[in-house]
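# have a look; sequence and predicted model below, questions after that.
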Amino acid sequence: MESTVISGDREVFAAYVSDDVSAQLLSALAAERGWSQDMVFMGGIAASVRALGAMPCPEFLIVDISDCTDPRGDVQALADVCEEGTVVLAIGTLNDVTLYRDLLNTGVHDYLVKPLSADLMRAAIVSAEEALAVSDESDQSVAPAHAQNIVVIGLAGGIGTSTLATNLAWLKIKEGSPIALLDLDVHFSNAAMQFDLEPGRGLIDALENPARVDGLFLERAVVKPNEKLAILCAEAPLTSPITPDDGALTHLIDSLGEHHRSVIIDLPRHMIATMPEVLGAASDILLVTDRSLSSARDCIRTKAFIKNAAPNAAVHLVSIRTAMTSAEVDEKDFENSVEHAFAVKAPFDAKAFQVAAQKGKIVVDAAPSSKIAAAYKEVNALFEAEDTKKSSGNSWLGKLLKK
């Protein structure tokens with residue numbers, strides 16, 4: 001950042017510390033970045049609360065909590081006088097994991113233990129600038145008033161449900177909007193693999209530490225085969241069962257929806273009963289099935305469950321033909337038994353998948369004129385995007401005030 005003031009009369013930076021050594025270090029680092037050294041003050045977080053009640057809050061704020069007896073209470077008092085978009089870095093003398101987690105849960109960007117080093121502070125400042133950049137981009141981006149949450153559920157294994165979800169996400173980014181693909185099969189996901197990417201630990205961290213999930217966290221947690229497509233998935237060890245806290249999935253889906261036009265959620269059928277909140281967050285539910293007798297039975301049961309868990313969601317039934325066709329139920333008999341007509345009927349198209357595998361691309365890119373690609377496009381046509389705007393609401397203050 002080259003200038004001291006970036007918008008209106010808000011300063012870029014201010015620090016409120018409790019010792020001379022920290023003050024000298026921060027003054028030197030401020031000078032390196034062209035910030036005013038006069039914005040380093042003594043008095044710690046208590047002084048910052050008093051001062052910011054009478055002056056505009058800076059974009060980046062460092063507060064010293066060394067003298068605090070109630071750090072979370074003091075952070076709450078700071079929130080009362082801070083403006084939206086402020087990135088807060090706390091420093092202190094107590095090296096305690098519980099304190100660190102408490103501060104992050106309140107929305108503080110990071111907590112550093114004194115004595116401070118110049119290299120550590122430089123890295124923290126760069127991280128804060130990245131957080132400010134993400135916040136600015138989110139404020140300027142166009143997103144729907146309510147993100148379209150499309151939950152995709154396969155009623156049988158091995159029929160291509162995850163492949164459909166991935167191709168649907170790819171088709172939707174062609175419309176020019178940012179799209180998120182959330183694969184909740186945390187042990188056997190192949191969403192990233194279809195783009196020759198590694199999934200990372202972002203999804204596991206989001207489910208285990210939901211309070212950390214915000215715009216900056218998600219920016220780092222997702223993998224991106226394209227600037228418009230963000231994929232959040234995992235390949236967790238089979239020895240690590242994942243049991244999200246109540247509300248963790250809803251918070252994750254809502255957070256993804258703040259920055260993406262649509263959130264496509266690949267929900268394995270064995271998780272339906274244990275993750276009803278995912279269905280509750282859905283605007284649309286895509287039931288993907290073959291025409292086997294067992295799938296007809298499971299379709300009836302799943303629809304009954306959805307009726308209670310997501311009464312306002314639109315349900316779409318998609319038939320996918322497989323190579324094994326001898327045990328198929330007649331199309332009309334299937335529709336009559338489940339009391340739901342097929343919205344799309346996808347053919348068996350081995351050649352298109354062979355071409356996609358040879359080219360190392362997904363089907364709609366590798367074989368755009370194929371019959372299965374045409375079916376995927378029909379599925380995409382079921383969902384109409386909205387053009388209204390909404391604010392991102394991803395600042396530390398906004399998150400804290402929602403608690």
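Okay, I see it. Numbers count the residues shown, from 1 in each chain.

# what about the stretch 301-403 of the chain, any weak spots by pLDDT?
Along the stretch 301-403 of the chain, segments meeting pLDDT under 70 span 324-326, 384-403.

# got any ranges where the protein has weak pLDDT?
Where the chain drops to pLDDT under 70, the residues are 1-9, 105, 133-146, 324-326, 384-403.

# mind giving me the domain ranges of the chain?
Domains of the chain are assigned by automatic domain parsing as 5-140, 148-381.

# could the ones you listed be laid out in a markdown table, adding mean neighbour count?
C-betas here are computed from N, CA, C, even on glycine. Listed next are the domains of the chain as a markdown table, based on neighbours: other C-beta atoms under 10 Å:
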| stretch | mean neighbour count |
| --- | --- |
| domain 5-140 | 18 |
| domain 148-381 | 18 |
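
# run through the strands of the stretch 251-400 of the chain in chain order.
For the stretch 251-400 of the chain, applying DSSP state E, counting those that start in this stretch gives strands covering 262-266, 284-289, 314-320, 342-346.

# dump the ones you listed to a markdown table, plus distance to His251.
Output for the strands of the stretch 251-400 of the chain, formatted as a markdown table (distance: least, C-beta to C-beta, whole Å):
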| stretch | distance to His251 |
| --- | --- |
| strand 262-266 | 13 |
| strand 284-289 | 20 |
| strand 314-320 | 23 |
| strand 342-346 | 30 |
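
# among those strands, which is nearest Ser22?
Closest to Ser22 of the strands of the stretch 251-400 of the chain, according to C-beta to C-beta: strand 262-266, at 42.3 Å.

# what lines up beside that closest one in the sheet?
Sheet partners assigned to strand 262-266 using DSSP bridges are listed as strand 148-154 (parallel), strand 179-183 (parallel).

# what angle separates it from strand 284-289?
If you take axes from the mean of the first three to the mean of the last three C-alpha atoms, to 10 degrees, strand 262-266 sits at 30 degrees to strand 284-289.

# export only the CA atoms of strand 262-266, formatted as PDB.
Below are the C-alpha coordinates for strand 262-266, written out as PDB (Å, rounded to 0.1, in the frame of the first residue of the first chain):
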ATOM      1  CA  SER A 262     -24.500 -21.100  -7.200                       C
ATOM      2  CA  VAL A 263     -23.200 -23.700  -4.700                       C
ATOM      3  CA  ILE A 264     -23.400 -27.300  -6.100                       C
ATOM      4  CA  ILE A 265     -23.300 -29.800  -3.300                       C
ATOM      5  CA  ASP A 266     -22.500 -33.500  -4.000                       C
END
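
# who touches it?
The contact list for strand 262-266 (C-beta atoms under 8 Å, 6 or more residues apart in numbering) reads 147-152, 161-162, 165, 168-169, 172, 177, 179-185, 189, 191, 253, 256-257, 278, 282, 383, 385.

# what about that strand, distance to the chain center?
11 Å (C-alpha atoms, centre = their mean, to the nearest Å).
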